[in-house]
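Colleague: Predicted model and sequence follow; I will ask about them next.
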Amino acid sequence: MAAIQSICVFCGSRVGTDPAHKRLAGELGTLLGAGGIDLVYGGGGIGLMGVIADAALAAGGRVIGVIPKSLSGVEIAHQALTELVVVDGMDQRKSAMIGRADGFAILPGGLGTLDEAFEVITWKQLGFHDKPIIVLDGDGYWAPFLALVDHTIAQGFTQPEAAALFQVVDSVDGILAALQGAPERP
Ligand code: AMP
């Protein structure tokens, strides 16, 4: 099984109302940084995005941010990253993030995170990549998302096999365990 060298994390550009989300983002950043696994993310310095990047850098990790030129002011592009890739638009951002990572973790976030989560899952469904995708649902934040996916399956709009496109874990340690246990890609 090939070792995971980089993980792309999708998460909120806000910290949300529950302090547990910020804590988990920090824990994951520390775990990645200390474990020598590169963090690929959206390049912002705010919200959970900023928290995870800061924690990974503080633990000695490499952090690669990918941000569209037009958002670098809005999301306050992080100025201390190992590498900041500035792209023209959102499509290039997603392609670059998906291309540069060996696997994906979805942490709590808003509409942007949902967009990124569905994009990486549906690209896998269509065969554009075959990388592991892990949803961190320690506190039930993603329960409505998981219920929505189940609903589309129950109503015959999504094939039942789609439920296996991603794994759900309830702890930060579970993310790495799931990624490392993922079957080797061709
Ligand atoms: P949010 O979850 O809304 O705080 O957004 C998290 C990240 O997703 C931010 O970096 C947003 O710029 C990004 N984002 C928002 N909308 C999209 C989109 N349509 N495609 C890709 N990323 C997006």
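Modeller: Nice, I can see it. Numbering: from 1, shown residues only.

Colleague: now the strands: where do they sit in this protein?
Modeller: For the chain, applying DSSP state E gives strands covering 6-10, 38-41, 63-68, 83-87, 103-106, 133-136, 167-169.

Colleague: Would you mind giving these as a markdown table with distance to the ligand, mean pLDDT and mean neighbour count added?
Modeller: Using the backbone N, CA and C atoms, a C-beta is placed for each residue, glycine as well. Formatted as a markdown table, the strands of the chain follow (distance: least, Cβ to the nearest ligand atom, whole Å; pLDDT from 0 to 100; neighbours: other Cβ atoms under 10 Å):
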| stretch | distance to the ligand | mean pLDDT | mean neighbour count |
| --- | --- | --- | --- |
| strand 6-10 | 7 | 98 | 25 |
| strand 38-41 | 8 | 98 | 25 |
| strand 63-68 | 7 | 96 | 24 |
| strand 83-87 | 11 | 96 | 16 |
| strand 103-106 | 10 | 98 | 26 |
| strand 133-136 | 14 | 98 | 23 |
| strand 167-169 | 18 | 97 | 17 |
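
Colleague: average pLDDT for the helix ranked longest in the chain?
Modeller: Across the chain, the longest stretch assigned as helix under DSSP state H is helix 19-35. Per-residue pLDDT over helix 19-35 has a mean of 97.

Colleague: outside of it, which residues touch it?
Modeller: For helix 19-35, the external contacting residues (Cβ atoms under 8 Å, 6 or more residues apart in numbering) are 7, 9, 11-12, 15-16, 38-39, 48, 51-61, 63, 105, 107-108, 136, 138-139, 141, 172-173, 175-176.

Colleague: Now the residue of the chain found nearest the ligand. Nearest residue, chain neighbours left out?
Modeller: Closest residue of the chain to the ligand, Cβ to the nearest ligand atom: residue 112 (2.3 Å). Leaving aside its chain neighbours, residue 112 sits nearest to residue 13 (6.5 Å; criterion: Cβ to Cβ, 6 or more residues apart in numbering).

Colleague: what's the burial count for the one you found?
Modeller: Here the number of neighbours of residue 13 (other Cβ atoms under 10 Å) works out to 20.
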